[in-house]
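Q: I'll drop the sequence and a predicted model, then ask my questions.
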Amino acid sequence: MEELDPVTLTWKDVHVYSTQKKGCSHRRSAKLSKHILKNVSGMIKPGKLTAFMGASGAGKSTLMNVLTFRNRGKLKIDGDIRVNGVPVDKSKISNISSYVQQDDLFVGTMTVREQLTFRAMLRMDKRKHTQERLQKVDEVLHELGLQKCADTVIGVPGRIKGISGGEMKRLSFASELLTNPPLMFCDEATSGLDSFMAHSVIQSLKTLVSEGRTILCTIHQPSSDVFELFDEVFLLAEGRVAFSGPVSDALEFFKSNGHPCPNNYNPADHFVITLAIEPGQETHCRERVKNICDNFEASEANKEIMEKTKEMSSHPEEHLQQVMDSLKESSRYEASILQQVKCVFWRSWITNIRDPMVVRIKFIQTVFFALILGLVYLKTNDDYEQKDIMNINGVIFIIITNLSFYHVFSVLNVFPLEVPVFMREYGTGLYSAGVYYLSKTIVEIPFLIIIPIIYMSILYWMSGLIQDGEAFITATGVSILISTAAASFGYVISTAAPSTTAALAIAPALMIPFLLFGGFFLNSGSTPDYLIWLKYISWFYYGNEMLVVNQWEDVDNIRCSSGPSCVPNGELVISTLNFNRDNFHLDLGLLFVLIAAFRLIAFLILLIRAKRSSL
């Protein structure tokens, strides 16, 4: 284990205000609406496990965001935050710290070891060789007791059984420990865990603290045995500091203020209840909280903290050269672009081939629908009668719509679930948005090719489409492009929608206009001028015209048995639909343009969301 230089985090006179816009014109001005944190100061020392506690609305999460320079949004923040007496900003604090968030977000199809290897390859110092990174992975697995589940998949709730909640939380710590950070922030480390798992997780943090790390942890309603593991407690109430210091001193402080902790009672519950604002007794509770905060502000313990903070600010510990070097500006990404692409591509490929929803169900569904539709339109030759015109055009309609909806909803059911993981990893500087999007695009190429080939190989020959090898290859190629365009449109919706549910609700409403102007239900020549733009951004239209031309352009004879209203040849079928055989190559080019446009729009939306989430 690498030796750690001790880190002391201090903050002084922190004030936080929420802001709101005032007025409805272009002259809007920001108005301070609420004073969330009021003159908050504190110190977290190395070798001490510190609990951030307080009732709901006390300001714990806000203070954590202030100290980590994350999720600040439009808050107005004043105050001085330092590490070993040196002022820090977002980039500097990120270089020496890690932030374990409340929600554990992982790609569930990866194993524990693969998750840590992925992080090690992207996050660790670029000067370290691959063997050193893998050795570090083994050390972290051992340190946090994850060896027994190292080769177990993480799991997806409701779909893939994986590791337990406690193991997943320890995996969150392990992912951050790969860079050996001397300073760690943990948000609600025991959230959703039973008492045994909670104790195990905090015991792991206690072990990390004993190695010289500085760890602060927000915690909600810890049991008494879990609370005993903490060395110090930092209590917030109504945006003010109610106490900061050793747990034993906290009990004495509350007792001296007329609020002794009853015998055999959990001190954590006593502190929170004493500092809570009870409904119906707001005035009395706020007066009690004010007295406690005022008394701590005037206490010797607070004065000692302020003096130490001032002393460290006046004389930064210059001998801690490693920490000081880490506080210098550095690149957002530790890994090169090539390394990022390689690792993200590797993970994306694993996700695709291991997820039963992606592989097995996709292929089974493709074969099943192709066979069913082939039996419905069963025709084993291309000797056409008049009734076959409607059937063949119906097959073309089914091919385009089925492939389109299939690939759109395949994206909608998978990609939105990965976006939260991407947002978090992008925020920590693991890889860039462009690398992620490029890797996803490359990984899906085999599926966008193989699925249409299987589908067309079955349906094309069963449904009586023109029996010609070249026409079959052309139709299959067009089907691949239709699938790619549909998937690209799915990415636009997925990146723009806030959730999978919203994406699934929005997609049909947006696809119906494209389908309507695709030439199936409305003759191409009847499109209203004011809506003609919808036709030119519809992949249904381009695909329909190309497949119709490919099918009918070489059909010279269609048998007629019903009089003069017959359509004698394929050329006339094309013209009655207001399609033009000379447009084939133009449609092909425009379909490529449409795919590129959808992909670019989806990437820009994803990039904007990623930038906003990292503020």
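A: Alright, I've got the coordinates.

Q: scan this structure for its longest helix.
A: What stands out as the longest helix in the chain, according to DSSP state H, is helix 386-427.

Q: just checking, what packs against that helix?
A: The elements that helix 386-427 packs onto, with contact taken as 3 or more Cβ pairs under 8 Å, 6 or more residues apart in numbering; DSSP states H and E, are helix 360-376, helix 433-462, helix 469-496, helix 500-516, helix 539-552, helix 584-613. Heads up, the C-betas are built off the backbone N, CA and C, glycines and all.

Q: just the CA atoms of the fourth one, as PDB, please.
A: Only the C-alpha atoms of helix 500-516 are listed here, as PDB (Å, rounded to 0.1, in the frame of the first residue of the first chain):
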ATOM      1  CA  THR A 500     -37.100   5.400 -20.100                       C
ATOM      2  CA  THR A 501     -40.800   5.800 -19.400                       C
ATOM      3  CA  ALA A 502     -40.800   9.200 -21.000                       C
ATOM      4  CA  ALA A 503     -38.800   8.000 -24.000                       C
ATOM      5  CA  LEU A 504     -41.200   5.100 -24.600                       C
ATOM      6  CA  ALA A 505     -44.200   7.500 -24.400                       C
ATOM      7  CA  ILE A 506     -42.700  10.200 -26.700                       C
ATOM      8  CA  ALA A 507     -41.300   7.800 -29.400                       C
ATOM      9  CA  PRO A 508     -44.600   6.600 -31.000                       C
ATOM     10  CA  ALA A 509     -46.000  10.200 -31.100                       C
ATOM     11  CA  LEU A 510     -42.900  11.400 -32.900                       C
ATOM     12  CA  MET A 511     -42.700   8.400 -35.300                       C
ATOM     13  CA  ILE A 512     -46.300   8.500 -36.500                       C
ATOM     14  CA  PRO A 513     -45.800  11.700 -38.700                       C
ATOM     15  CA  PHE A 514     -42.700  10.200 -40.300                       C
ATOM     16  CA  LEU A 515     -44.700   7.000 -40.900                       C
ATOM     17  CA  LEU A 516     -47.700   9.000 -42.300                       C
END
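
Q: how far away from the center of its chain is it?
A: Mean-position distance between helix 500-516 and its chain equals 22 Å (Cα atoms, centre = their mean, to the nearest Å).

Q: what helices and strands are in contact with it?
A: helix 386-427, helix 469-496, helix 532-536, helix 539-552.

Q: what's the angle from it to helix 469-496?
A: Angle, helix 500-516 to helix 469-496, by axes from the mean of the first three to the mean of the last three Cα atoms, to 10 degrees: 140 degrees.

Q: quick check: mean pLDDT of helix 500-516?
A: Summarised as a single mean, pLDDT over helix 500-516 is 89.

Q: ok, stretch 386-396 next?
A: Confidence over stretch 386-396, taken as the mean pLDDT, stands at 89.

Q: quick one: residues contacting the residue nearest to the spatial centre of the chain.
A: Closest residue to the average C-alpha location of the chain: Pro420 at 1.6 Å, with Cα atoms, centre = their mean. Residues in contact with Pro420 (Cβ atoms under 8 Å, 6 or more residues apart in numbering) are Leu105.

Q: and the longest helix of the chain, how far from the chain's centre?
A: Relative to where its chain is centred, helix 386-427 has its mean C-alpha point 22 Å off (Cα atoms, centre = their mean).
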